[in-house]
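>>> When you get a sec, could you give me coordinates for this:
(2 chains)
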Amino acid sequence: MGRTLALLLAAPALAAAVWQTVNTPPALQFPRDHGAHPAFQTEWWYVTGELADASGRHYGFQLTFFRQGLEPGPSRPGGSALRARQVLAANLAVADIAAGRTRFAERVRRIGSGLAAAAEGDLDVVLDDWGMRRSPDGTVTLAAADRDAAIGLHLELAGSRRLVLEGDAGLSRKGPGAGNASVYVSDPRMAARGTIEIGGDSVKVNGEAWFDHEWGTSQLGPGVVGWDWLGLRLADGRALMLYRLRRADGRAAPESAGTLVARDGSTRRLAAGDFTFAPLTWWASPRTGARYPARVRVTVPAAGLDVEVRPEVADAELDARRSTGTIYWEGPVAVTGSVTGDGYAEFTGYASSLAGRF
Amino acid sequence: MLWRTLVVRPATRRPLRLLTTVVGVAAGIAALVATVAASRAAVAALEQGVEEIAGRARLEVTGPDGVPEALLGRLRPLTGDAVVAPVIEEIALLPALGDAVRVLGVDLLLDEQVRALEPAVTSLPSAREATTLLTGRGVLVPAPLAARLHLATGDGFDLSVRARRERVTVAGTFAPRRFGSAWDRVVVMDVALAQELFGRVGRLDRIELVPRRGVNERALAGEARRLLPAGVTVEEPRSRAAATSRMVRALEFNLAALSGVSLFVGAVLVATTLATSVVQRRGILALARSLGASRGQLARAVLVEAAAIGVLGGALGVAGGVLGARAALASVRSTVAAVVRGVPATEIRLPLWLAAAGVTVGLGASLLAAALPLVEAVRTPPLQGLAAERPEFMRRPSRRRAAALALAFAAVAAALARAPAWHDLPVAALLAALALLGVLLVSASPLLDLLARRAAAPLARAAERTPVRLAIAALAAGRRRASWAAGAVGVAVALAVAIGTMVHSFRATVIDWADQGMRADIWVRPLAADTGVQVGRLDPEVVRVAERLFGKDAVDPFHTAAATVGRQQVALSGGAFPVVARRGGVTFRDGRDSRAVFAAALARHAAVVGEPFATRFHVGEGDTITLDVPGGTLTRRIEGVFYDYSHPQGMVVIDNADFLAVYPDDGPQDVAVFLPPGSDARAARDRLLAALGGRFLVEALLNRELRAEVVAIFDRTFAITRALQIVAVAVAVLAVLTVLFALLGERRRDLALLRSLGGTRGQVAGVVAGQAALLGLAGAVGGVATGLGIGLVLVKVVNVQSFGWTLRFLPDWGAMAVTATLVTAACLLAGLAPALAAARMHPGDALREEG
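All right, here's what the predicted structure looks like:
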């Protein structure tokens, strides 16, 4: 039953008109805008990164908090505070690159139950005993652990020099219609240190993380079934974020876009025509049968970039049907070619269409 | 060969005797099985339900009347070790079903981790329907219930919640995992919707914990207790089931004990019959012995017969018991409903163990009953048997020994009746009742003697050669067996009288209590299920409407919630003390005027308690009690103890103002309205119902109607008991019939002699009928005396120990006289058939047989 109910998190916006939509470049103000935006239907705080322990063993990690609004506006008089008007879901994945294994855990709970909250003034998201919180000095603390999956994450991410406002000063267009957009803010290079737990061992780690924060209402345009996302930190100090919005025929929607962050932090917007994204090989999930891109050739001709992005763990398919209701591939990747680097890739909508969900 | 001679032939030649014996056993077993099956069905929903519905939850956080939802947040440190899930479990009336359903409010987002309900394949909720589950009024319905009510996904249906008509929508159906699951009658909804519907916003019934992998349950419970405030308990789900079943257990035990007594009557009947059949066939037995049959062979033959009767009677009894249970379910249900509110009963089922137990008990009783006849059969020397001499065990018993035994039994009974309850069960008292039956059995023979002589003295003077003297002589000859028959009749009469006395005392007490205590003119309460069981509470709006119409000082809303004393659950209620202080209410056991008691209680913030509470916790007027209530404890002085026959678990009543300071106003149990003297109650009721409009599913009863209903509920509750009374009388008649035929067989020679000496057919018939009447009379007299004794134990000891309430001892003298007369008459009638048979007998044949 939970599985079918979790679909709710991706349920069509029944009262979309009442949710606020993103139409113009936002006037962002921090730290306020690190916090939650409950007037918008969908929001996430997404941290991925690569870590290494003292012996040089490498790990990938992902901790994401999703907020989904089910009912906009003020609560009904006399209504229960437990009404699931806003729901939080969280996904935690730790990939042991040497072992080629990804472990995954998830949580879900309604906001207002005393066990789930997303503060509005600054980043402070809590779901059960998982959390993501930003201190005034800019440090972001991540805490999440799951006994059943035998993984845990306790990291401090040092605040970076500069936030990247993706798209048009933070307005990231995802579809042709009014409101088919989100506010998208990133911090591609945050120094990470702390411990991870994996299979019962606690390991001290250091590394680098990519922080994304995005919110909006019915962002995807019609006909889009999923997206492919890359967040790459290049060895030359640049960082590349790009997403390809995929239609049912496999072709990219014109709103696909990206951002190239220069070594000095300056950004360059990439439109759909400014880059190519071509899967070279595919990986089929033995569990769901879904086929995901594996090795991908990415080019940004104007920036002289021609690289191959290769998954560091083949099987990073995450079954989040109990929380967000989706199945997707999200894992660490290595970059080779005109420049080397590492980062994370996300492939969605391959196990089932995401049309109408975001 | 021996088998055919001793068992098959008599059975085929005298099918009636076999039949009555088997029916006797069957009646006892049927009563036992019916009682157990019906009370199981009434309670089953409770016990299985708890664990089945708890799913994977291993611990429950509960408190008196639930816990505040804010406790969820306190448990946050535990969420790594356990899934923390809020639950509301309530009861609602499903008008389309005419019955109550359980409403389970859970966190539908994560409840899969606690209870994996299988969606029925045909109706996966669409995203739109699924959304209604969380933000609207969507509910999940078990597929069997949906089919029965012809509900499909998307259909709306009404629930009566707090007497309000609430429309909900089927967002999906689920398939209970097994047939006859507790889930069959559960409507599942989101916890928030349940809070809103049941007026429990901000509160939960419990918080469930599902430990994650590798988590030690005890450590988890300890940690949870550390995080939670005092007064909140962390327990396994089954301890909640145990608490409730403890309350029902006393009830079940009493029912089973009552049916056990009827089984006892059945066993006496079997013993009588077997003894008779052994004696009747002592010629054949002796012949068999003289022809070389061993004692073992004879013993086996007797035992086989007893076993056959036991198994056959047991099997018939089990079958009859299941039918009886169907009939008795309504009765048992309303009894259980008095203890545990709103448990939907399950269907009657015959578990294998119960069927096996029924047959085994039947077999055991028969074999036990065969013991004495067995000794007789084995001991009879061949010569004596053939010579038609008196069987050894039929020698005149020692009157002194009988008296000593009777005294011993009486002393044991007296001691047992004074013994305290065993684990809240009146075991000793019921054993005392058995001991009293023992007194009856051992004194049956001397009593017969006595009666015979007393009856004979005047009659003998009047008619020197009346058949009465012969009857007396005949009885004296067959004294032992006759005393058995009289004993069987006596046990049956005693049982009937005891039950009658108990029911009559109880009924009269309750009627009196209702007449004195129920003084309001109109009672409003939620619509009851078809079974008559009240489901849930009233919406607070009903109180406001009544107050607008009749004034605040005329309306008494009665709230009830759960609280605990020590760790035992009691009912804590709130009443409008200012209203009852003026208008009067219940009856107090110290005889004070109820208005004065309530006025004093109001002035001092004191409580009044029901008598069962006072008994259970050994407190009385002037004592101070402390209850665990939500958010702390409540300490009150006891201003008065009132008679209460509705809350055996104990009830404490405080003023509504105090009550509502502790509990949220989520609606009263019922509302009483007091009208000015001389008002037209009927018109007032019409006005009230009109003002409530069609929004509420309530019923409003006038004073007279409510009192009539109290009696009706009482009678329904005691329907089983009355049925047992009838079984007892039926068994008595069967006993007499069986024994008289046997006596007749034995006295054939004497009767033939009487005829050949010039006795008329009428005289012969008179002898036999006289025997029957004497037996009946002896049984009736002994039975009435013993029955009164047992009735006294039931009224003064068993009721107090089981339920904590005192009843006045009010034997129903009229009914008792009728019972005694009827039984004697029934015996006389039962004796008619043998009497006619005796009259038709040809003296020559009977005498020649001896040749």
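>>> what's across from the residue nearest the centre of chain A in the sheet?
With distances taken as Cα atoms, centre = their mean, A:Tyr46 lies nearest the centre of chain A, 4.0 Å away. Under DSSP bridges, the beta-bridge partners of A:Tyr46 are A:Thr64, A:Asp212.
>>> Could you list the low-pLDDT ranges of the stretch 1-150 of chain B?
Along the stretch 1-150 of chain B, the parts satisfying pLDDT under 70 run over B:1-17, B:39-49, B:118-127.
>>> could you redo the last one with a cut-off of 80?
The stretch 1-150 of chain B contains residues with pLDDT under 80 at B:1-21, B:23-25, B:27-28, B:31-32, B:34-56, B:64-65, B:99-100, B:116-130.
>>> And the next helix or strand past the worst-scoring helix or strand of chain B on mean pLDDT?
Lowest by mean pLDDT, DSSP states H and E among the helices and strands of chain B is helix B:382-386, with a mean of 53. Later in the chain than helix B:382-386, the nearest helix or strand by DSSP states H and E is helix B:399-418.
>>> now that following helix: mean pLDDT?
For helix B:399-418, mean pLDDT rounds to 86.
>>> Just list what it packs against, helices and strands only.
The helices and strands touching helix B:399-418, judged by 3 or more Cβ pairs under 8 Å, 6 or more residues apart in numbering or on different chains; DSSP states H and E, are helix B:427-462, helix B:761-793. For glycine as for every other residue, the C-beta is placed from the backbone atoms N, C-alpha and C.
>>> Out of those helices, point me to the one whose mean pLDDT is lowest.
helix B:427-462 (a mean of 72).
>>> thinking again about what came up before, could I get the helices and strands packed on helix B:399-418 in TSV, plus columns for distance to A:Ala302 and mean neighbour count?
Converted to TSV, the helices and strands packed on helix B:399-418 look like this (distance: least, Cβ to Cβ, whole Å; neighbours: other Cβ atoms under 10 Å in any protein chain shown):
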stretch	distance to A:Ala302	mean neighbour count
helix B:427-462	94	20
helix B:761-793	103	25
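>>> Tell me the pLDDT of B:Thr360.
Note on B:Thr360: pLDDT of 87.
>>> Number of residues surrounding it?
15 (other Cβ atoms under 10 Å in any protein chain shown).
>>> ok, now which ones touch it?
Contact analysis of B:Thr360 by Cβ atoms under 8 Å, 6 or more residues apart in numbering or on different chains lists B:Gly314.
>>> Check which helix or strand it maps to.
Residue-wise, B:Thr360 maps onto helix B:352-369 under DSSP H and E.
>>> Give the buried residues for that helix.
B:Leu354, B:Ala355, B:Ala357, B:Gly358, B:Val359, B:Val361, B:Gly362, B:Leu363, B:Ala365, B:Ser366, B:Leu367, B:Ala369 (16 or more other Cβ atoms under 10 Å in any protein chain shown).
>>> can you put these in CSV and add distance to chain A?
Converted to CSV, the buried residues of helix B:352-369 look like this (distance: Cβ to the nearest Cβ, whole Å):
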residue, distance to chain A
B:Leu354, 35
B:Ala355, 37
B:Ala357, 39
B:Gly358, 41
B:Val359, 43
B:Val361, 45
B:Gly362, 47
B:Leu363, 49
B:Ala365, 51
B:Ser366, 53
B:Leu367, 54
B:Ala369, 57
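>>> Just the closest of the residues you listed to B:Lys552, please.
B:Leu354 (53.7 Å; Cβ to Cβ).
>>> Report the contact partners of the closest one.
B:Val33, B:Val36, B:Ala37, B:Arg40, B:Val318 are the contacts of B:Leu354 under Cβ under 8 Å, 6+ apart.
>>> pLDDT score for it?
If you check B:Leu354, the pLDDT there is 82.
>>> From chain B, how far off is the residue of chain A most remote from its centre?
No residue in chain A has its C-alpha farther from the mean C-alpha position than A:Gly78, which lies at 36.3 Å (Cα atoms, centre = their mean). Look at A:Gly78 and chain B: by Cβ to the nearest Cβ, to the nearest Å, they are 7 Å apart.
>>> Can you give me the neighbour number for residue 32?
Let's take chain A. If we define neighbours as other Cβ under 10 Å, then A:Arg32 has 11 of them.
>>> Hmm, no, I was thinking of chain B.
Using other Cβ under 10 Å, B:Leu32 has 30 neighbouring residues.
>>> Assign a three-state SS to it, would you?
Following DSSP: H, G, I helix; E, B strand; the rest coil, B:Leu32 is assigned to helix.
>>> hang on, isn't B:Arg519 packed against B:Thr587?
No: using Cβ atoms under 8 Å, B:Arg519 is not in contact with B:Thr587, being 10.5 Å away.
>>> which one of these two has more residues nearby?
Using other Cβ under 10 Å as the criterion, B:Arg519 and B:Thr587 rank with B:Thr587 on top: 19 against 16.
>>> For that one, grab phi and psi.
Main-chain dihedrals, B:Thr587, degrees, to the nearest 10: phi -100, psi 130.
>>> So it versus B:Val510, what's the distance?
11 Å (Cβ to Cβ, to the nearest Å).
>>> quick one on the thing from earlier: quick check: which of the helices and strands packed on helix B:399-418 is nearest to A:Arg322?
Nearest to A:Arg322, of the helices and strands packed on helix B:399-418 and by Cβ to Cβ, is helix B:427-462 at 52.0 Å.
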